[in-house]
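J.: fold the following for me, if possible:
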Amino acid sequence: MLGVCSAATVTNKDGQSHILIVTEGSDKVELVVEAGATSVFCPSGCFVTMPSGDRETLSGDETIEIVNGSAIIK
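T.: Numbering: from 1, shown residues only. Here you go, the predicted structure:
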């Protein structure tokens, strides 16, 4: 069984869902992260537009927490 070696993880610690816009190459998708949920994405680097509108470049091994509508990258 093959697995992903590394990927970014986002955990939504808010009481409402948030949407991240994830761009990998020419593909752009909306990632809905429900309240209290954790999602794994971006295994090989991507650009992400955070709920605040800020855009970040991820290499694929980051941990992101959404708190009070703001994304904190660890």
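J.: how far away is the spatially most central residue of the chain from residue 59?
T.: Nearest to the geometric centre of the chain sits residue 10, at 4.7 Å (Cα atoms, centre = their mean). Distance of residue 10 to residue 59, given as Cβ to Cβ, to the nearest Å: 14 Å. Just so you know, the C-beta spots here come from the backbone N, C-alpha and C atoms, and that holds for glycine as well.
J.: got it, and residue 16?
T.: 28 Å.
J.: check residue 47 too.
T.: For residue 47, the distance to residue 59 (Cβ to Cβ) stands at 11 Å.
J.: and the contacts of the helix or strand harbouring the residue nearest to the centre of the chain?
T.: Residue 10 is part of strand 8-12 when elements are defined by DSSP states H and E. Defining contact as Cβ atoms under 8 Å, 6 or more residues apart in numbering, one finds that strand 8-12 is touched by 18, 20, 31, 33-42, 46, 48, 58, 60-66, 71.
J.: next: stretch 16-31.
T.: By Cβ under 8 Å, 6+ apart, stretch 16-31 touches 10, 12, 32-35, 39, 41-42, 44-51, 66, 69, 71.
J.: so how far does that stretch reach from one end to the other?
T.: Length of stretch 16-31, first residue to last, Cα to Cα, to the nearest Å: 14 Å.
J.: pLDDT on that stretch, on average?
T.: When pLDDT is averaged over stretch 16-31, the result is 96.
J.: and that stretch, which residues are buried?
T.: Within stretch 16-31, the residues scored as buried using 16 or more other Cβ atoms under 10 Å are 18, 20, 22, 24.
J.: roughly how far apart are the third one and residue 15?
T.: In other words, residue 22. In terms of Cβ to Cβ, residue 22 sits 23 Å off from residue 15.
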